[in-house]
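Peer 1: dropping the sequence and predicted coords here.
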Amino acid sequence: MGKKVIFGGILTVALAGAAFTIVLVMGVPEKKLPPRGSDEYYTSAQLQFELGEISVNLKDKGGSQYLQVVMAVQYVIGEEILGGNADSVFGKKMAKIEDKLNLLLSDKTYDEVDGKDDKELIKEEIRRILQEVVFPDQMGRIEEVLFRKFYTQ
C-alpha cells in the first residue's frame, strides 16, 4: 500500500509540473474578441467628445454667407482601447478632423444647409468622415453627430 501512495504522489506532482510547463510555454489562452465592426465588439457605454466650433464661408456667390457649427460626437469603443483614454484619439487627430470638416462644410451652399433634411445629411457625411479619420481600424465606432449650435448668416 505504501508503494501505491508514493507512486500516486509522484504521478500527481508530475502531472502538475507538466500542466505548469504547458502554461508557461504556451501561455494562458487569450480571450477571443468578436470581429471589429460587429456590434458585439463594442462596449455598451456610449462616450461623448466635444468637437468644438467650426466656422466657414458658404460656397454662395460673393462668400457673404457663413455657417457656424458647434458639434459633439457620440461613439463607442472596443475592449482593445477600453483601458486607454479614447478622447486622446480625437485629440491626436484634431488637425485632420478640422481640415476635413472645413473642406466639407465650405463646399456647401446656403440652400444645402438650410432645411432639416439637409442638416441630417450633413450629420451623416460628418459621421462618415470622423469614422474614417478617428477609427479607420474600427476599434471604435462613431454613433452620432450632435449639432449643439448651427448658425447660418
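Peer 2: That came in fine, so what should we check first?
Peer 1: looking at the protein, which helix or strand does the model trust least?
Peer 2: helix 2-26 (a mean of 63; mean pLDDT, DSSP states H and E).
Peer 1: parallel or antiparallel, list what pairs with whichever helix or strand comes after it.
Peer 2: Next in sequence after helix 2-26, counting helices and strands by DSSP states H and E, comes strand 47-57. Using DSSP bridges, the strands paired with strand 47-57 in its sheet are strand 66-77 (antiparallel).
Peer 1: who's in contact with the following helix or strand past the strand it pairs with?
Peer 2: Once the chain leaves strand 66-77, the next helix or strand it forms, by DSSP H and E, is helix 86-92. For helix 86-92, contacts defined as Cβ atoms under 8 Å, 6 or more residues apart in numbering pick out 47, 49, 51, 73, 75, 77, 81, 97, 134-135, 140. (Each C-beta comes from the backbone N, C-alpha and C, glycine too.)
Peer 1: quick one: low-confidence parts of the chain?
Peer 2: 1-31, 82-86 (pLDDT under 70).
Peer 1: the contacts of helix 86-92: which two are farthest apart?
Peer 2: Farthest-apart pair in the contacts of helix 86-92 is Leu51 and Ile81; separation 19.0 Å (Cβ to Cβ).
Peer 1: the two: who's more crowded?
Peer 2: Remark: of Leu51 and Ile81, Leu51 carries more neighbours, 20 against 16, as counted by other Cβ atoms under 10 Å.
Peer 1: I am finished for the moment; much appreciated.
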